[in-house]
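Peer 1: fold the following and give me the result.
(chains A and B)
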2 protein chains.
Amino acid sequence: MALFDAALIPLAVGLSAVLVAVYVVRWILKRDSGTARMREVNGYIVAGTGTYLKRQLKTIFLVIPWLAALLSYFFGWATSLTFIAGAFLSLLAGYIGMNVAVRANVRVTEAARKSSKTTFRLSFQGGAVTGLLVTGISMLGLYVLRLIFTSPQDIQVLVGFGFGASLAALFAQIGGGIFTKSADIGADLVGKIEEGIPEDDPRNPAVVADLVGDNVGDCAGRGSDLFQTFSDDIITGMILGVLFVWKYGPNAIIFPFILEAVGVAASMIGISFVRERKGLSYSTVLYTGLLVTALLGAFGLFILSNFLMNDLTLFFAGILGIMATLASTFVALYYTGVTGKPVRQTAECSKGGPAINVITGLSFGLQSPILPIVAVVGSIVAAYLLTGGSLYALVIANVGTDMMIAFIMASDTFGPITDNASGIAEMSGVADEAGKTLESLDAVGNTMKAATKAYAMASGTYTSFAIFATFFAAASIGSIDVTTPYALAAMFIGVALPFPLASLTISATARGAFKMVDEVRRQFREIVGLREGQATPDYARCIDISTKFALRQMVLPGLLAIAVPVAVGFLFGIVPLAMLLVGATASSAMLGFFFNNTGALLDNAKKLHEIGHCGGKGSESHKASVVGDTIGDPLKDVAGPSVLIFMKLLGMTALLLLPALV
Amino acid sequence: MALFDAALIPLAVGLSAVLVAVYVVRWILKRDSGTARMREVNGYIVAGTGTYLKRQLKTIFLVIPWLAALLSYFFGWATSLTFIAGAFLSLLAGYIGMNVAVRANVRVTEAARKSSKTTFRLSFQGGAVTGLLVTGISMLGLYVLRLIFTSPQDIQVLVGFGFGASLAALFAQIGGGIFTKSADIGADLVGKIEEGIPEDDPRNPAVVADLVGDNVGDCAGRGSDLFQTFSDDIITGMILGVLFVWKYGPNAIIFPFILEAVGVAASMIGISFVRERKGLSYSTVLYTGLLVTALLGAFGLFILSNFLMNDLTLFFAGILGIMATLASTFVALYYTGVTGKPVRQTAECSKGGPAINVITGLSFGLQSPILPIVAVVGSIVAAYLLTGGSLYALVIANVGTDMMIAFIMASDTFGPITDNASGIAEMSGVADEAGKTLESLDAVGNTMKAATKAYAMASGTYTSFAIFATFFAAASIGSIDVTTPYALAAMFIGVALPFPLASLTISATARGAFKMVDEVRRQFREIVGLREGQATPDYARCIDISTKFALRQMVLPGLLAIAVPVAVGFLFGIVPLAMLLVGATASSAMLGFFFNNTGALLDNAKKLHEIGHCGGKGSESHKASVVGDTIGDPLKDVAGPSVLIFMKLLGMTALLLLPALV
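Peer 2: Residues are numbered from 1 along each chain as shown, chains lettered A, B, ... in the order given. From the prediction side, this is the model:
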């Protein structure tokens, strides 16, 4: 063993990430949590989150042991073990991160109330915990498993880890997404429109469910999504790496893992940069932090490509991956930003009523995926050419897309934390004192959410591309026979699959929202004094409704992602299964970008009214834009994130099945 | 030459179809065209249709000569000639059919007014003319070209015909679709909602544009679409047929053409069956007519497979094609019919407001394509297996999907004719006399429209599948290399392409509708006495606006369908081009079904209110459903039909390029 073993980098970075997270949590918990009323309100949120999580885990734990048993029977105990580890660690990371977020939020409110200079830092660090835990725990888990399963042939066993993480992500994201949106839509439709009370008014029975939803949907959901992307990329990177040892030496296997670790290290430095800075706006600081992360990541990539791998072309491949995700992010910012033509024109068209508002939004949304997709596949082709025709380039470009993942996760969780902070301020009657700071933080949070979603989508598409490339390589498929219709027919089915998945998640949200509307109307009708603020609504009942609809709908999508590849694989064979993945990836990516961007741009077209454009708040045009926003909600927060996770889960299921099919 | 040459069948059937059409036209024109006011109103429609057509042809004729010159330069005069023939004949068939439709409509009104026993027959025969002309002219055109280009190698030259027909179809459908929907939405939003006047009220300035739109969109648009499918299928059938002469003998080339002719003959008998029949509802008669057509077609298929080809497995392949289109049609009827759960639940959800109405509609729409796609690819795989692994099965299954095309076309055009007839009745003040009969005809027309769209979509997907199969075969591509990323990257781009296309067409509609709303509002504001019915609105100006927006948007989609395959073909080669087609077909099919069914089900959720459900006409729930209907309009009548034609044009472009790429 050399004096310095590069393979130790993931261990070191993983440990540091977790330790820093612990340090940050302690720092956060020491902050002041405000007035008694604020703590009371926060208590509702913490309790609601806890209730949801407990019931979600219960549902998941009904499924996990059976699957573990099946895996053990068909693929041996090792795969079963890694599966449990993947699912467990993914849920753990999300669980802790969310628990921190629901404690950071009230402290952010308090900091804003006292115009503390650390308000921004506090809310961002609250998100950073999730970012650090997601990446740190994934690395430590995989590192330990690598110590147990040491031979290159054992890497296949790690697929179980990715499969577990993917399944947990599907549950967390679909459940969380449906929860948050049925609550959100229900709260808005009755509260804002029918009763005419402000957002986050404590009289609204669904308001706590809405605030809980931000955490279980955006925070836990996105956390499990990025845990999945991050883990899957390390695993496929190592599997493909084995096949390139002949070309790049034994480091080819561990190189992707090390690069991911370097990305996390770069993100940690980037995260530490984000705090209040004189003369710089919040978004400037965030973009600078992102840039710092990207540059440090690129620098690490350069050093390692040159000295560890002796091949600078790999550096360029990684850079192409970074650029593709950044390009997708900026395209999303253009389509969904309040200053861009799409949002402005959609807002303008609201004057023609809700229908023209939505049609315009849809038309921009439909064109928004083309550039990201060109960026993703273009960078893959370019990386392939630059490395002189090596598919290993895909691995490295794919790792490149992950280098900023911890930073992105922090920026993403920042959104629900500030959103919650505003809600708590409104509900505890301290909105006047805390309002100004929180409002500007909230606006930044919204933009970051759209950007990080685009990042997750682009990076997830890359992951999925890497998964099926790994599948082709591991199954030694060099070409697809097109003289028989099987492969192409399977590809068609693959393209079709995300549509019913999106349908399932959207319809669950619609039904949940419909029930929520009923319940909120009932409480306003039956609880005496509620409208006057003299009675407390039954918050728990609303949380219960959201929970029920969310959990009921987790099973069918999971089944779809597992049963279809199993059926296609065993009935038609490996090649059709591979083409199913290819088709599903392509169409999931398109739908994902379409759903996310459409929803975000309709949301911001509404916001544009609320800051005074197109007739301002309360105008007919504003009302039309609220309808558009509500239609966009389940697209961007349920369907979009769900198809993204679905395509990755589909791939990991296929990869898992592979040994049984050859 | 034998005593009876089967190759003469297409000539005989083609001639008969055209002659019968002429006979039917004469019969229609002899009917009474009603009161002076009715003729006046009809005069507006005829004039508006003429204006639009003239300007559309002018735009098209700006493009055609240049393309013809390019084709002549690169591929020789023969391809250029067939290209011109294809484009010209497609436009001709649509042009004549539409001219008959706009003359049949007023006669249907008059027949209904007099409770004539031939009202139903008259409106259906008005549509039958288009069905007969579309198929008859295509067959005659291709037959004559076959006489000029006799050798099997010459068949490639016929691709020019398909390319011309496809390009004309794209222009006709996109132009017509945008025209009809901007007029329709503009008329509804101001007339029905703001001014509270009934549908088709003569005071509405956009009402004539709306009625003209039904003809240029549904009648001419669908006509060119099915002309394209019909012609493309004969051409690809013959090209693939050449490659199977070794297996099935020389008849393999002409067999698909003969089968198409048999289908038209069967349709002619089916069409003649449709008329008022004692004790049978209109829809029962229509379904029986369809069944008669299908059975006769199947019988012809059986006879010819057995005696001309000596291979009964081909019969089963054809039956599978017929069944796949029928299955898709019935799935569409389930999703979009007023008695099915999707429409009822969507209507029910309108009580939660427009947003929940639309979300519910979208969620059903998103799941609706899965069964049709499974039917299409499943039947392809089954046909392949049944014929003992022969790709020729795909040709025959594909021809099977066309056997009812003339009947379907007649049922489709029946819709705009009755729609127009109702409009004329309303505008001429004879609605009370003609109302009852027309209303029930209109309801049947609406259902048929949704069904025929699904048929067109399924049959078009088959066509597109056959096109790329032909491409693979003609280019001798046996397998796709997946060790380089080019093919799969191109497939991703293919999957992406229909999204921006849909975006272009929807945004043009939204902008046109927005302008139309402005114009209609202006006329109500500025024309003294308009609201009181004492002044005539400026109908022509509204037609002008629709025309302008429609024509301006025809060029970019056409460019997309031509430039992208050219670029991919020349930059990356034949295989990536083929995979581009595969990807585009798969995603266009999904989007097409999704758009069509979503729009139709939102439409019928509104209708359900209008016949008294969910609070009835004028309720809040009804208003919510009107918003949903308006959002669905451009999806089902612009985007859906456009992606369908786009995928076929893309394929014909690729097939055309092939000789230059090998």
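
Peer 1: name the nearest residue to residue A:251, ignoring sequence neighbours.
Peer 2: residue A:308 (5.5 Å; CB to CB, 6 or more residues apart in numbering or on different chains). (Glycine included, C-beta is placed from N, CA and C.)

Peer 1: enumerate the residues of the stretch 151-300 of chain A near chain B.
Peer 2: Contacts of the stretch 151-300 of chain A with chain B, taken as CB under 8 Å from any CB of the partner chain, map to A:185, A:189, A:193.

Peer 1: how about 6 Å then?
Peer 2: The stretch 151-300 of chain A has residues residue A:189 near chain B, with proximity defined as CB under 6 Å from any CB of the partner chain.

Peer 1: in the stretch 151-300 of chain A, what residue comes closest to chain B?
Peer 2: residue A:189 (6.0 Å; CB to the nearest CB).

Peer 1: do I have it right that that residue meets residue A:515?
Peer 2: No. Residue A:189 is beyond contact range of residue A:515, at 11.9 Å (criterion: CB atoms under 6 Å).

Peer 1: what about the closest residue to residue A:193 other than its chain neighbours, distance to residue B:604?
Peer 2: Distances taken as CB to CB, 6+ apart place residue A:626 nearest to residue A:193, at 6.8 Å, with adjacent residues excluded. Residue A:626 is 26 Å from residue B:604, where distance means CB to CB, to the nearest Å.

Peer 1: ok, residue A:655 - contacts?
Peer 2: Shown in contact with residue A:655 (CB atoms under 6 Å, 6 or more residues apart in numbering or on different chains): A:159, A:471.

Peer 1: please repeat the previous calculation with a cut-off of 7 Å.
Peer 2: A:159, A:467, A:470, A:471 (CB atoms under 7 Å, 6 or more residues apart in numbering or on different chains).

Peer 1: same question for residue A:167.
Peer 2: Here residue A:167 is in contact with A:87, A:558, A:649 (CB under 7 Å, 6+ apart).

Peer 1: can you flag which of those residues belong to helices?
Peer 2: Mapping the contacts of residue A:167 onto helices (DSSP state H) picks out A:87, A:558, A:649.

Peer 1: under the pLDDT cut-off, which ranges of the stretch 51-200 of chain A? List them.
Peer 2: Scanning the stretch 51-200 of chain A for pLDDT under 70 picks out nothing.

Peer 1: what segments of it are helices?
Peer 2: For the stretch 51-200 of chain A, the helices defined by DSSP state H, counting those that start in this stretch occupy A:77-113, A:119-148, A:155-186.

Peer 1: the stretch 451-600 of chain A too?
Peer 2: Under DSSP H, counting those that start in this stretch, the stretch 451-600 of chain A gives helices at A:486-496, A:498-526, A:539-552, A:555-572, A:574-610.

Peer 1: of all those helices, which one is nearest residue A:52?
Peer 2: Nearest to residue A:52, of all these, is helix A:539-552, at 5.2 Å by CB to CB.

Peer 1: just give the nearest non-adjacent residue to the residue of the stretch 551-662 of chain A found nearest chain B, would you?
Peer 2: Closest to chain B within the stretch 551-662 of chain A is residue A:630: 3.5 Å, counting by CB to the nearest CB. Closest residue to residue A:630 apart from its sequence neighbours, by CB to CB, 6+ apart: residue B:355 at 3.5 Å.

Peer 1: helix, strand, or coil at that neighbour?
Peer 2: helix (DSSP: H, G, I helix; E, B strand; the rest coil).

Peer 1: can you tell me how far it sits from residue B:284?
Peer 2: Plainly put, residue B:355 is 38 Å away from residue B:284 if you go by CB to CB.

Peer 1: neighbour count: the two, which is higher?
Peer 2: residue B:355 (29 against 11; other CB atoms under 10 Å in any protein chain shown).

Peer 1: so who does that one touch?
Peer 2: Counting by CB under 7 Å, 6+ apart, residue B:355 makes contact with A:627, A:630, A:631.

Peer 1: if I look at it, how far off is residue B:387?
Peer 2: 50 Å.

Peer 1: then residue A:612?
Peer 2: For residue A:612, the distance to residue B:387 (CB to CB) stands at 68 Å.

Peer 1: these two: who's more crowded?
Peer 2: Between residue A:612 and residue B:387, residue B:387 has the larger neighbour count (other CB under 10 Å), namely 22 against 9.

Peer 1: check the gap between the more buried one and residue A:281 for me.
Peer 2: Distance from residue B:387 to residue A:281, counting by CB to CB: 68 Å.

Peer 1: again with residue A:463
Peer 2: For residue A:463, the distance to residue A:281 - CB to CB - is 33 Å.

Peer 1: of the two, who's got more company?
Peer 2: In terms of neighbours (other CB under 10 Å), residue A:463 is the more surrounded of residue A:463 and residue A:281; the figures are 27 against 11.

Peer 1: show me what from the stretch 451-600 of chain A comes close to chain B.
Peer 2: A:472, A:477-486, A:488-489, A:491-493, A:495-496, A:499-500, A:502-503, A:506-507, A:510, A:513-514, A:517, A:582-583, A:586-587, A:590, A:594 (CB under 7 Å from any CB of the partner chain).

Peer 1: pLDDT weak spots in the stretch 351-500 of chain A?
Peer 2: Residues of the stretch 351-500 of chain A meeting the criterion pLDDT under 70: none.

Peer 1: I figured residue A:85 was touching residue A:162, is that so?
Peer 2: No. With contact defined as CB atoms under 7 Å, residue A:85 does not reach residue A:162; the gap is 10.6 Å.

Peer 1: who has more neighbours out of the two?
Peer 2: Shown here are residue A:85 and residue A:162; by other CB under 10 Å, residue A:162 has more neighbours (32 against 19).

Peer 1: before we move on, the earlier item: are any of the contacts of residue B:355 buried, and which?
Peer 2: For the contacts of residue B:355, a neighbour count by 16 or more other CB atoms under 10 Å in any protein chain shown gives the buried set as A:627, A:630, A:631.

Peer 1: could you dump those to JSON lines with secondary structure?
Peer 2: Below are the buried ones among the contacts of residue B:355 laid out as JSON lines (three-state DSSP):
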{"residue": "A:627", "secondary structure": "helix"}
{"residue": "A:630", "secondary structure": "helix"}
{"residue": "A:631", "secondary structure": "helix"}
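
Peer 1: contacts only, for the residue lying farthest from the centre of chain A.
Peer 2: Distance from the C-alpha centroid of chain A peaks at residue A:528, with 41.1 Å (CA atoms, centre = their mean). Contacts for residue A:528 (CB under 7 Å, 6+ apart) come out as residue A:535.

Peer 1: look at it and report its pLDDT.
Peer 2: If you check residue A:528, the pLDDT there is 88.

Peer 1: quick check: it vs residue A:171, distance?
Peer 2: In terms of CB to CB, residue A:528 sits 40 Å off from residue A:171.

Peer 1: how about residue A:250?
Peer 2: Using CB to CB, residue A:250 is found at 37 Å from residue A:171.

Peer 1: of these two, which one has the most company?
Peer 2: More neighbours surround residue A:171 than the other of residue A:250 and residue A:171, with 28 against 11 (other CB under 10 Å).

Peer 1: and the closest residue in space to residue A:274 that isn't next to it in sequence, what helix or strand is that in?
Peer 2: Using CB to CB, 6+ apart and skipping the chain neighbours, the partner closest in space to residue A:274 is residue A:289 (4.4 Å). According to DSSP states H and E, residue A:289 maps onto helix A:282-307.

Peer 1: which strands or helices does that helix pack on?
Peer 2: Packed against helix A:282-307, as judged by 3 or more CB pairs under 7 Å, 6 or more residues apart in numbering or on different chains; DSSP states H and E, are the following elements: helix A:251-273, helix A:312-336, helix A:405-427, helix A:431-474.

Peer 1: mean neighbour count, the ones you listed: which tops it?
Peer 2: helix A:405-427 (a mean of 29; mean count of other CB atoms under 10 Å in any protein chain shown).
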